[in-house]
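S.K.: predicted model and sequence follow; I will ask about them next.
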Amino acid sequence: MEDQVAQAALAMVNPTTDSATRRQASQFLEEWTQRHDAWDVYAKWLGSFRSMQEKTSDQIAMQMLCLTMLQTKLRKEIPRNDPSKWHPSIQIVRQELWEYARQQQFSTDASLSSLLTPCCICNAAVIVRCGILSDFMSHVGNTNSDLPPDAMFRLLACIPYEMEACQDLTTPQVTQELVPFLEVVLDIIRRGLEDTSTSNIQLPACMALKEWSNISHVSLSQLNTPTCGGQRAVLPALMSLLSSSTSYNDERLLQAASQALTAAVMVVSDHCTPTREAAAASMWNAISSGFIVGPMQLASQNEWHDACHALATLICTFVTEQVDDLISQPAEVGLEFLLQIQAHPHTPVALIPLDCWLTVQETPLEDRHENWRKPLLRKVVATLLTRMAYPTNFVNWEEELDLDSQEFNELRRMVTDVLVSGYYLLRGELIQTLTNHVRTATHWTASEAALVCLSQIARDVCGRCKSNAAAGTSIARDRDLTCQELLQLLDQLVSVDAKQQHSVLLASILNFCGSYCPAWNSMNCPPQAILRLLQFLQSSFSILPLESAKATRAVFVSCLSKSMPSLDDLQGSNNQSSSIMPLVLKSVRDSMEAALATSSEEAMTMVAEGATRLVTKTKDAVMARQGLVNDLIHPIVQRGQLAMNAFPESGDSEDWLSPNVQLALESLVRIMSVIHVIVRFCDAPYVPAVSEWLLMEIGPFLEAVQGRTTNLGAQQLVIPKWITIHMQLLRNSASQESMVLAMFSNTIPLIVQALEGTKDPSTLRYISAAVEMFGGKSDEVDHSFKELLAHVTNIVANHAQSTECAELLQSFFECMQRFILYGPRALCYNPQFGTILTLAVESIRALNGAKESTRASLMFLSQLFGFNLLRVSPQVQQVLQEAWQMVLKDMLKHHGSSLVQSCVVGLAGGPQMLWPAYADCLFQIVQSILNNPRGENGSADFTDEMLQQWLLSSMTSVISSKDTNMTTDMCSQVVSILFTLARKGTKGRPKAKMLLSDFAKILKGEMAPDALVSYALQ
């Protein structure tokens, strides 16, 4: 067996082993290590390796594998403090491991150093589980311990982790087990930190301190208390280690020491104690002597980023935890050091002090020293402006090699809270500082950083600009200063040619202009200034279309539309300002033209939204019509007509595939998206005729679009947009019934034609909207919908066998749900009603992968047969009750058995996300039969026994085909409980769905059958 294990281990570590052999060796070792006799082999293996004089790389790798497997076996098969369950060979393994760790070769032979950590982990597992931790601590606490120092500290570091890995101990119990040994451990670590005679001891000592601090929650007071009755504590030694700037050759030492001390600082159990206060004072005062500062400088020079991060975290955590004591002191050196960290070139390090500034801002001003007030925030802002700026040679991110875009953007995002809190302290002074920074900067990167800062605090600054404080008050003076600075900056920014700006700077200018739109409105910015701003934005569309469109929309919506009543008043007066409104409408047209000149659909729709919301706010009908029709719709329709002029007259696919035609088609699709946005936001409270004007202008264009897109591929792109516009027109014109009916009458033949030609689901969504709007209005309308539904059902049924019908079926059954609620007569008395039900049942049974269409059909059937639980008008409820007696009952009797079986099969093997839908459909079938009137012969037609037979036969069929604990008696129990819940109607519905979901879980083995007991008891 020993030879087989050795051969398998050698096969695992040999790089030339093929994958099949390595897989077999791995399987063999996994099975072998679980055997009891493996302990004997492990003991011999450890002993033989220790006795080897010369060790090859393969033997070292085999030992690494042996120790790794042994770790797992020790943790699994040695119950803590229970010798009766230990294998007899464990004592031998324990002795071999201890002798293994005592080897001096680990210190003298670098090739063996990798084995020391797994060896110490195994020793720690034995020490913790065999209950010999006290003996171990007594041994290593003796200065004459025969354990090499490196091994001793590594073993100490593993003890807390192994204690935490014990499954029988909770976190508080782990701490309780370790606390009695804490003073001994700290004394050992102190000696290691103070020992400069032995090389490479400070790093494992710091690692041990880090582990004990994290798991045992060592406090700052404990680190500052002399150990074992001596005169010296750990903290001075640790501070001495973190005060040098030359004696480090490994960044891990700085990292471990910093993390250990950070963990102690974060322990709050000793807050306000004299020992902690003394420790904190010594640490803060030591900064001036190089504590943390010196190592930070060295780590920064060597680009030890992890060490820099750990050191910065230490000082910032210390300041955050001790802020109440520090904030009343001058602290020039400490604050200067924090600002240096803020300016660190490595972004993750520069982010760390941000929490410090936010914590400082939580303290009232009267409790702070002057250095912690405005002077500090001024320096923070100045540092952030420098740190947030792009490199002076920046062109774009594709060519930038020295700066990480993700880190840079994260920095800009994270500073927002600090800037906002700084604004609430500095107020107008901060605005003045930032605007001056923009004006006086000698390079675009500095101006751009200041503009970003201004944009990030825009919401709060706009709130100050809206203040109604009385003139002469401090708030009013600050408001006036802020408004003046912003207006001057705006005037300067828009007076420069956009094409002469760097694209990054231009993006920040556009963002600034859009972010302060509420301020432009509240500070009574002259309309001429806003028009100049819009001209500037129009000139930027060719460079940055999205950013320009976003800013333009903000100007229209948040600025000009709020000023529209006053502009209307100016228009009605006889002064010179009455010419403003035509200029505003001209700017609307120019902005729309600029957006249409780009290829960005998002930019077009943004401008269209803002322009529509602006134009519809005017009370002047003449101006509203001019703005909507002449300045907004006409340019868009003209672009659409121009695009259609490039379409071929025939529907030949080859003609439509030419590049020019494809570009024209894409342009038309974008234009129709813009038209949809206009229709959506065209809500004019003061001018009701707007909807009529809109239809008059857009209607002919939509007819032309439908007539010119003769190619099937083009229709698939255009028809969804075309239908979406018509749906929105229906909703917008709901109050004008005659116009809507005329529009619907003209549109519905085209919709049906599109459905026949393209099978596009959007056609059915249009019919759904129409039913919701017109259903039940009159017998004539219901008759029209009945004929329409019959024709649509034929089309869908003929296409239902296609492999690409899932989305069409989903839209069809969603449409049927609308018929139930708004046009039940057209549905239930339809000549194709039987076909609709058959289609629903077949879709549930056939489309296992089409989850959404299956869900839609289940919901349709649930609503149809559960009509008595629907919250609908009395008229609709009456129609459905009549339909139950005349149609629905017979249909349910015909399809009930197969429908119940499909739902049960779906619960047994369908996707879990559909279980609620299957359960609800099953519940509605049961409750409809039990609760609805059955008529004079109802008892003969529909009996409880027949319904019970449907359910039991379906469940029995399912459990017979599955390996499950569910029995026939359990199925009967489920049916009985389901009947009881169904008779409760709506109140029993949630519990019934839970019951059927639990039935599915029991079938899959995810739940014990005992779960049914709770339902039976209830």
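M.R.: Structure's in. What do you need? These numbers were taken from a predicted model, which means no experiment stands behind them. Numbering: from 1, shown residues only.
S.K.: can you count the residues close to the nearest residue to residue 917 once chain neighbours are set aside?
M.R.: Leaving aside its sequence neighbours, residue 917 sits nearest to residue 858 (Cβ to Cβ, 6 or more residues apart in numbering; 4.0 Å). Every residue, glycine included, has its C-beta placed from N, CA and C. If you count neighbours by other Cβ atoms under 10 Å, residue 858 ends up with 27.
S.K.: who's in contact with residue 858?
M.R.: 844, 903, 914, 917, 918, 920, 921 (Cβ atoms under 8 Å, 6 or more residues apart in numbering).
S.K.: tell me where the stretch 701-850 of the chain has helices.
M.R.: Along the stretch 701-850 of the chain, counting by DSSP state H, counting those that start in this stretch, helices occupy 712-732, 737-758, 761-774, 779-799, 806-822, 824-828, 833-846.
S.K.: in strands only, show me the contacts of residue 858.
M.R.: Using DSSP state E, the subset of the contacts of residue 858 located in strands is empty.
S.K.: still on that earlier bit, can you tell me the element the residue nearest to residue 917 falls in?
M.R.: helix 851-865 (DSSP states H and E).
S.K.: residue 664 too?
M.R.: Going by DSSP H and E, residue 664 is in helix 659-681.
S.K.: give me the distance from that helix to the chain's centre.
M.R.: Relative to the centre of its chain, helix 659-681 is centred 32 Å away, using Cα atoms, centre = their mean, to the nearest Å.
S.K.: with stretch 297-315 instead?
M.R.: The answer for stretch 297-315 is 31 Å, by Cα atoms, centre = their mean.
S.K.: same thing with stretch 16-24?
M.R.: 42 Å.
S.K.: what residues of it count as buried?
M.R.: residue 22 (16 or more other Cβ atoms under 10 Å).
S.K.: so what touches it?
M.R.: With Cβ under 8 Å, 6+ apart as the criterion, stretch 16-24 contacts 11, 12, 25.
S.K.: ranges for the helices of the stretch 851-1000 of the chain?
M.R.: Counting by DSSP H, counting those that start in this stretch, the helices of the stretch 851-1000 of the chain are 851-865, 874-883, 889-909, 915-931, 938-941, 944-960, 968-982, 989-1004.
S.K.: with the stretch 351-500 of the chain instead?
M.R.: Using DSSP H, counting those that start in this stretch, helices in the stretch 351-500 of the chain cover 354-361, 374-388, 405-414, 416-426, 428-440, 444-456, 458-465, 474-494.
S.K.: other SSEs contacting the last one?
M.R.: In terms of contacts (3 or more Cβ pairs under 8 Å, 6 or more residues apart in numbering; DSSP states H and E), helix 474-494 is packed against helix 428-440, helix 458-465, helix 503-515, helix 517-522, helix 527-540.
S.K.: outside of the longest one, which residues touch it?
M.R.: In this case it means helix 527-540. 487, 490-491, 493-495, 497-499, 506, 510, 513, 520, 547-548, 551-552, 555, 559-560, 563, 567, 577, 580, 583-584, 587, 590-591, 594.
S.K.: among those residues, which ones are buried?
M.R.: Here, 16+ other Cβ under 10 Å leaves 487, 490, 493-494, 498, 506, 510, 513, 520, 547-548, 551-552, 555, 559-560, 563, 567, 577, 580, 584, 587, 590-591, 594 buried among the contacts of helix 527-540.
S.K.: the helices of the stretch 351-500 of the chain: which one's closest to residue 7?
M.R.: Across the helices of the stretch 351-500 of the chain, residue 7 has its closest neighbour in helix 405-414 (48.7 Å, Cβ to Cβ).
S.K.: mean confidence for that closest one?
M.R.: The average pLDDT for helix 405-414 rounds to 95.
S.K.: and for stretch 161-170?
M.R.: 90.
S.K.: can you give me phi and psi for residue 16?
M.R.: Main-chain torsions, residue 16, degrees, to the nearest 10: phi -90, psi 0.
S.K.: that one and residue 10: what is the separation?
M.R.: Residue 16 sits 11 Å away from residue 10, going by Cβ to Cβ, to the nearest Å.
S.K.: same deal with residue 386?
M.R.: Look at residue 386 and residue 10: by Cβ to Cβ, they are 59 Å apart.
S.K.: neighbour count: those two, which is higher?
M.R.: residue 10 (16 against 13).
S.K.: okay, the angle between the helix holding residue 858 and helix 833-846?
M.R.: Using axes from the mean of the first three to the mean of the last three Cα atoms, to 10 degrees, the direction of helix 851-865 lies 140 degrees away from that of helix 833-846.
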